[in-house]
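>>> Have a look; sequence and predicted model below, questions after that.
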Amino acid sequence: ALVSHPAPKSAERFAEFASAAAARYRDKITAWEVWNEPNVAASYGPSANPEQYCDVLTSSSRAIRAAAPGALVITGPTSPAVDSTNDLSPATFVAALYRCAGAGTFDAVSMHPYSSPNLLSEPTAAWSSANEITAVRAVMERYGDTAKRIWFTEFGAPTVSSGQGVDEERQADILVDGISTLSQLPYAGPVFVFDFRDSLTGSAVPDYNYGLVRSDYTPKRALDAVRALVG
């Protein structure tokens, strides 16, 4: 079967790439996330594999720190997920990283705490990103790693009419609520909005409609709402 986003075949080869990238951009980039959403098969195919990812993280961390001393190494950000055959919840995945890579391998933990169509501060289901943040923090506490922060490197809501999609007014409300909720956590690192601009406004693909502005650069309500929030 074709895997659209396969895991790297070789941790060492990927680390060579990480080294080259860190060296090239060391004067411009100060933090590196190693991979994207490695806890789910959609981004780390054909199946989430924390032990294999630990090799990638460990090798890449060593390479980045050698090529760009002082740069931060951030764990691959987790996608919202529950434990299943091919995916792992954020807390399960992060616990595995502490076991097989060790706290010294990374400088912060990263999550993508999407909540759409709900507000992050008002979880309505048994599983929610808000509860999973608490669970990930509990893992960090269990391993005595409370000095580290959790970076929230994607948060947003798609303006589409299906699935987790919402209208533009609700998108603004979700963003303001989520950014406020995350920023108030005592262990919060930076909060990043996904995304500034729609890839293709009106597309049925949710990922193409997360922007604060439409693909023609006209603003959605969320742009001014987020601007007002962050000053």
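Here it is on my side, so go on.

>>> Let me see the ranges of the strands in the protein.
Listed in chain order, the strands of the chain (DSSP state E) span 31-33, 72-74, 109-111, 150-152, 188-191.

>>> Highest average neighbour count across the ones you listed: which stretch is it?
Highest mean neighbour count of these: strand 109-111, a mean of 27 (counted as mean count of other C-beta atoms under 10 Å). Quick note: C-beta positions are derived from backbone N, CA and C, even for glycine.

>>> starting at the chain centroid, how far to stretch 70-87?
In terms of C-alpha atoms, centre = their mean, to the nearest Å, the centre of stretch 70-87 is found 7 Å from the chain centre.

>>> Can I get it as CSV, trimmed to CA atoms?
Written as CSV, here are the backbone C-alpha positions of stretch 70-87 (Å, rounded to 0.1, in the frame of the first residue of the first chain):
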residue,chain,number,x,y,z
GLY,A,70,22.7,26.9,21.3
ALA,A,71,19.8,25.9,19.0
LEU,A,72,16.8,24.3,20.7
VAL,A,73,15.6,20.8,19.8
ILE,A,74,11.9,20.3,20.1
THR,A,75,10.1,16.9,20.0
GLY,A,76,8.0,16.1,17.0
PRO,A,77,4.7,17.8,17.8
THR,A,78,1.8,15.4,18.6
SER,A,79,-1.4,15.3,16.7
PRO,A,80,-4.7,14.9,18.5
ALA,A,81,-5.2,11.1,18.7
VAL,A,82,-6.3,8.2,20.8
ASP,A,83,-4.4,5.0,21.2
SER,A,84,-5.2,2.5,18.4
THR,A,85,-3.5,0.1,16.1
ASN,A,86,-1.6,2.7,14.1
ASP,A,87,-1.8,5.9,16.2
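
>>> Return the distance of Gln164 relative to Gln171.
Gln164 sits 11 Å away from Gln171, going by C-beta to C-beta, to the nearest Å.

>>> Comparing the two, which residue is more hemmed in?
When neighbours are counted by other C-beta atoms under 10 Å, Gln164 and Gln171 differ, and Gln171 comes out ahead with 25 against 15.

>>> Skipping adjacent residues, who's closest to that one in space?
Ala157 (4.6 Å; C-beta to C-beta, 6 or more residues apart in numbering).

>>> Enumerate every residue touching that neighbour.
By C-beta atoms under 8 Å, 6 or more residues apart in numbering, the contact list for Ala157 reads Tyr114, Ser115, Ser116, Pro117, Gln164, Gly165, Val166, Arg170, Gln171, Ile174, Leu175, Tyr210.
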